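# Please find the sequence and the predicted model below.
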Amino acid sequence: MHRVSASRNISTHLHNHENLLNLPLELGKVDETRAPRLPDRCERLWANVDDILKNWTRLYLTEEEGERVYLENDPVEDEKNFVLAAQFLTRKVLNVEAIGKTFKLLWKARDGFKVCDVGNHTMLFVFEVESEAERVLAMEPWTYDKHLILLKWYDGKCPAHTLRFSTVKFWLQIHGLPVNRLTFEMAMELGKSVGVVSRLEHRDQVIGGDFLRVQVSIDVSKPLCWGRKVLLGQNRED
């Protein structure tokens, strides 16, 4: 019984295959009564693709819209400003006035600064004095309403919405080292294994009793580092 069934299936398959080969195909013509039909979902998909292609061909600029506008390469600015772009890691609606008042009290900039909302939870802080903007960066990390803020320099050469924020500075404490390893050089080496180490003005800032501390720029798109395995003399692991 199984052999007969198998032979019938094979013969039926060959018969169907032969019918497909014998379809009367001509240039640009197909016998729709005998040709296999695509599922309705596929047909709708192809119809949508055709509509998209047709609409795409209609997109063009008019002669007036196609005229080129030439801009100066180096615009002359009367005043030199120093801008920090800040992205607030929150979904809440931001109030520009409230943010300005909050950070004027925290940053205590003598010459003040302006705040501009550029959308996508991103603000621009415009300083008149570069040292005051640098001081804000050196004192990272900053938070607003218990949410982290990512800061970076912004030179204004690209649209603000194209800015990408990925790093923030944290003070990293390094514990568990022998006393004779609590040195500036050791702090720099271990800090580099986590991120980009910030420049320190005083070497004494590194040693904090029985641990080391260093400021490191960390990629916030990656999980936080919980520790590192350190090989001391003669490959001894601590």
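The structure has been received and is ready for your questions. Note that the structure is predicted; figures quoted are calculated from it, not measured.
# In the chain, where is pLDDT below threshold?
Residue ranges of the chain with pLDDT under 70: 1-47, 56, 71, 73-79, 201, 233-238.
# now the helices for it?
In the chain, the helices defined using DSSP state H lie at 2-21, 40-57, 96-107, 130-138, 184-192.
# Buried residues in the last one, which are they?
Using 16 or more other Cβ atoms under 10 Å as the test for burial, helix 184-192 gives 186-187, 190-191. All C-beta spots, glycine's among them, are computed from the backbone N, C-alpha and C.
# Looking at those residues, spot the one nearest residue 90.
Closest approach between the buried residues of helix 184-192 and residue 90, by Cβ to Cβ: residue 191, at 28.7 Å.
# distance of the nearest residue to residue 206 once chain neighbours are set aside from residue 153?
Distance criterion Cβ to Cβ, 6 or more residues apart in numbering; nearest residue to residue 206, sequence neighbours excluded, is residue 187 at 4.5 Å. Counting by Cβ to Cβ, to the nearest Å, the gap from residue 187 to residue 153 is 26 Å.
# neighbours around residue 205, how many?
For residue 205, the neighbour count with other Cβ atoms under 10 Å is 14.
# Please apply the same query to the one 3 residues further on.
Taking other Cβ under 10 Å as the criterion, the count of residues near residue 208 is 15.
# Touching, it and residue 173? I think so.
Yes. Look at residue 208 against residue 173 with Cβ atoms under 8 Å: they come within range, at 7.2 Å.
# Got the domain ranges for this protein?
82-165, 168-237 (automatic domain parsing).
# OK, contacts around residue 224?
Each residue near residue 224 by Cβ atoms under 8 Å, 6 or more residues apart in numbering is listed here: residue 218.
# For residue 193, see how far away it is.
Counting by Cβ to Cβ, the gap from residue 224 to residue 193 is 14 Å.
# same deal with residue 134?
Residue 134 is 26 Å from residue 193, by Cβ to Cβ.
# And residue 64, by the same measure?
58 Å.
# next one: residue 221
Counting by Cβ to Cβ, the gap from residue 221 to residue 193 is 18 Å.
# got it, and residue 124?
Separation of residue 124 from residue 193 (Cβ to Cβ): 34 Å.
# Skipping its backbone neighbours, what lies nearest residue 216 in space?
residue 195 (4.1 Å).
# Tell me, how many residues neighbour that neighbour?
Using other Cβ under 10 Å, residue 195 is surrounded by 20 other residues.
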